[in-house]
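# Starting from these lines, generate the structure:
(one chain, ligands or ions: 1)
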Amino acid sequence: MKIYFCGSIRGGRDDVDIYRRLVTTLQRYGTVLTEHVSSRELSSTGEDVSAGGDRAIHDRDMDWLQQSEVIVAEVTQPSLGVGYELGRAVDMKKKIFLYLPPLPVCVGLSAMIRGADDGELFMVRDYSEDELENVLEKFFSDLKRT
Ligand SMILES: O=c1[nH]c(=O)n([C@H]2C[C@H](O)[C@@H](COP(=O)(O)O)O2)cc1CO
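Reported below is the predicted structural model:
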């Protein structure tokens, strides 16, 4: 299964350790196409754009998004790119969305994200860090049953 993980890059890298933990856990369930998002080596400058520029990053990521069956986003750190990815993924009518803001920061989450939860394709889940692995385990076992 191909998984697309979204996390802030130019929006700020404060939560990279939790991205790392999420991606490592997600790799039990499939191939994470956007593993670079969780790299501690990647700064808020973003990837090296010398070859194709931002256009190449955008086009590659939209291609990966299209290929992915599951999109998981960590959105505590607000990021324009992540908001854009989620909007495009909704438009692609992807079967599954999972979105995991750690408490208590999630109180400030945009209504355009929290309000998109439809209990089926787009799911907002609040979690504390110690339950992260269990939340994902339940999510993927429910997915197998559908
Ligand atoms: O260098 C990059 N590489 C890349 O894959 N992205 C994608 C993946 C992330 O989920 C998202 C982050 O957006 P932003 O940089 O606006 O925080 O955009 C974003 C950048 C830089 O904007």
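# only C-alpha atoms for contact and neighbour calcs from this point on.
OK.
# Alongside the ligand, which residues does this structure contribute?
Neighbours of the ligand within the chain, by CA under 6 Å from any ligand atom: 6-11, 46-47, 57, 79-82.
# Can you tell me which of those residues has the most neighbours?
Gly7 (28 neighbours; other CA atoms under 10 Å).
# List the residues that contact that residue.
Each residue near Gly7 by CA atoms under 8 Å, 6 or more residues apart in numbering is listed here: 19, 37-38, 73-75, 77, 79, 82.
# so what secondary structure elements neighbour the helix or strand of the chain with the lowest mean pLDDT?
One helix or strand of the chain scores below all others by mean pLDDT, DSSP states H and E: strand 96-99, with a mean of 78. Applying 3 or more CA pairs under 8 Å, 6 or more residues apart in numbering; DSSP states H and E, one finds that strand 96-99 contacts strand 70-73, strand 122-124.
# can you count the residues close to Asp63?
By the criterion of other CA under 10 Å, Asp63 has 11 neighbours.
# check which helix or strand covers it.
helix 53-67 (DSSP states H and E).
# tell me which strands and helices that helix is in contact with?
So helix 53-67, by 3+ CA pairs under 8 Å, 6+ apart, packs with strand 2-6, helix 80-91.
# Can you tell me which of the helices and strands packed on strand 96-99 is nearest to Thr25?
With CA to CA, the closest approach to Thr25 among the helices and strands packed on strand 96-99 belongs to strand 70-73: 11.5 Å.
# Identify the bridge partners of the residue nearest the centre of the chain.
In the chain, the centroid-proximal residue (CA atoms, centre = their mean) is Ala73; its distance is 2.2 Å. Beta-bridge pairing of Ala73 under DSSP bridges involves Cys6, Tyr99.
# My read is that it contacts Ile18, right?
No: under the criterion of CA atoms under 8 Å, Ala73 is not in contact with Ile18, lying 11.3 Å apart.
# Export the helices and strands packed on strand 96-99 to TSV and append columns for mean pLDDT and distance to Gln27.
Below are the helices and strands packed on strand 96-99 laid out as TSV (pLDDT from 0 to 100; distance: least, CA to CA, whole Å):
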stretch	mean pLDDT	distance to Gln27
strand 70-73	94	12
strand 122-124	90	20
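# nearest to Lys2, of the contacts of Gly7?
Ala73 (14.2 Å).
# Understood, closing this out.
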